[in-house]
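1. This is a predicted model, with the sequence first.
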Amino acid sequence: MRGRSLLAGALLLGLVQPAAAHWEFTRWGMTQQQVLAASRGAVRALPLAERRPVPNARMEYRASGEFASGALRLTVAFAFDARNGGLVCVSAQGDPAQADAVRARLERLFGAPQERGLDPASGTITLGWTRPDEIDLQITPGRPTVVLHCARGV
């Protein structure tokens, strides 16, 4: 009987896990064209001169646009794997006034952050999630709120 209770408890815990991985309207591994289509016109491909390679991570930012949800407004950039071309990371930046909304959205979608930090010199708050994806949120007073959301293992 005890074994069944433990199994039932484990199954219930599995039901309350944070939302599935991926960023908003995208899925990891999507091609640039798939991301553009999924954005319904909110994202554009970057011309070659505006692309930003990230050499040590072997990825390149090749698309950018705007993300809006309610009062939340973010500028987003999409990084694709330099080897296979699939989507691996999304960077987002918002006005400093958006910090609380960004934090609340991430906590609603992925639960409480697993990592927290505070730099007393700058007042920067850093929050991190390690599941279901790698997510870093950086909030610095008077500076843009920044999110880096990547597929695990990137």
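-> Noted; the coordinates are in hand.
2. Just checking: what are the partner strands of the helix or strand containing Ala79?
-> Secondary structure from DSSP states H and E places Ala79 in strand 72-81. Neighbouring strands of strand 72-81 in its sheet, by DSSP bridges, are strand 59-69 (antiparallel), strand 87-94 (antiparallel).
3. out of these, deepest packed?
-> Mean neighbour count (mean count of other Cβ atoms under 10 Å) peaks for strand 87-94 among the strands paired with strand 72-81, with a mean of 22. For glycine as for every other residue, the C-beta is placed from the backbone atoms N, C-alpha and C.
4. if we can go back for a sec, quick one: residues in contact with the strand holding Ala79.
-> 26, 31-32, 35, 43, 52, 54, 57-68, 86-95, 98, 101-102, 105, 147, 150 (Cβ atoms under 8 Å, 6 or more residues apart in numbering).
5. Just the endpoints, please. Distance across stretch 57-77?
-> 15 Å (Cα to Cα, to the nearest Å).
6. what mean pLDDT does it have?
-> In this model, stretch 57-77 has an average pLDDT of 94.
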